[in-house]
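Asks: Just a sequence and a predicted model for now, questions to come.
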Amino acid sequence: MMLMINSPRTEGKIKRDYGMNDYYKFYKSASKNPVDKTKFNKIISEFNSKIVNLIIEEGLEYRPSLLHFNFCVRKIKYIPYLDDNNKLINNSPIDWKSTKQLWDDSEEAKDKKVVLRFLNNHTSKYVYRIKVTKSGIKYKNKRLYRFKACRSFKRSLAKRIKDEDKDPFNAHLLYQI
């Protein structure tokens with residue numbers, strides 16, 4: 001897990017400013033007896049995977065001591081509604097796989113840009129997100145920091161939510177956004 005500063009030039013991507021090599025250089029300069037780079041990377045990767053597992057399986061809110069950010073899972077319920085002009089607004093996530101299949105099958109749907117959305121009936125219409133909460137932080141420019149979880153973190157959360165062998169995901173214990 002890395003916290004990154006959003007660059008205004010790259011609108012959709014989050015460019016990371018620091019990575020494992022930078023952390024290892026700092027560790028090597030600060031430590032009296034440093035371990036080799038491969039062992040360091042293995043230790044950091046294992047630590048991060050344990051934190052991810054605790055966040056997903058136990059509902060842990062991880063707060064690194066120096067960052068003062070909370071890494072956690074939050075839920076939100078998207079309910080379609082009518083705006084002032086009686087136009088239907090649906091903010092549920094788009095199911096791109098089904099939408100592209102529909103567009104391949106129907107030229108008319110592609111021309112009208114019809115999109116299919118997830119129903120999330122298995123989670124009572126809740127959508128889960130990996131969030132970083134920045135409340136209670138009292139330093140400048142905190143709004144410039146963004147967090148984007150890596151793909152494996154997001155996929156492991158999705159796998160846990162859909163796992164029928166385990167207890168249902170503790171939706172009632174998580175805060176709503």
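Replies: Great, that's in hand. Numbers count the residues shown, from 1 in each chain.

Asks: So what does the most far-flung residue of the chain relative to its centre look like in phi/psi?
Replies: Each residue of the chain has a distance to the centre, and by C-alpha atoms, centre = their mean the biggest one is for Lys32: 36.2 Å. Backbone torsions for Lys32, taken as degrees, to the nearest 10, come to phi -80, psi -30.

Asks: what does the model give it for pLDDT?
Replies: Looking at Lys32, its pLDDT is 92.

Asks: got it, and Phe71?
Replies: 88.

Asks: give the contact list for the nearest residue to it once chain neighbours are set aside.
Replies: With sequence-adjacent residues excluded and distances taken as C-beta to C-beta, 6 or more residues apart in numbering, Phe71 is closest to Tyr62, at 4.5 Å. In short, each C-beta sits where N, CA and C put it, glycine included. If a contact means C-beta atoms under 8 Å, 6 or more residues apart in numbering, then Tyr62 has Ile51, Leu54, Ile55, Asn70, Phe71, Cys72 as its contacts.

Asks: where's Tyr62 relative to Asp83, distance?
Replies: According to C-beta to C-beta, to the nearest Å, Tyr62 and Asp83 sit 38 Å apart.

Asks: thinking again about what came up before, okay if I get the contacts of Tyr62 as JSON lines plus distance to Asp167?
Replies: Formatted as JSON lines, those follow (distance: C-beta to C-beta, whole Å):
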{"residue": "Ile51", "distance to Asp167": "21"}
{"residue": "Leu54", "distance to Asp167": "16"}
{"residue": "Ile55", "distance to Asp167": "16"}
{"residue": "Asn70", "distance to Asp167": "24"}
{"residue": "Phe71", "distance to Asp167": "22"}
{"residue": "Cys72", "distance to Asp167": "19"}
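
Asks: Give me the PyMOL select line for the residues you listed, limited to the buried ones.
Replies: Burial among the contacts of Tyr62 is assessed by 16 or more other C-beta atoms under 10 Å; the matching PyMOL selection reads:
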select buried, resi 51+55+70+71+72
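
Asks: Closest to Lys142 out of the contacts of Tyr62?
Replies: Asn70 (12.7 Å; C-beta to C-beta).

Asks: how close does that closest one sit to Asp163?
Replies: 25 Å.
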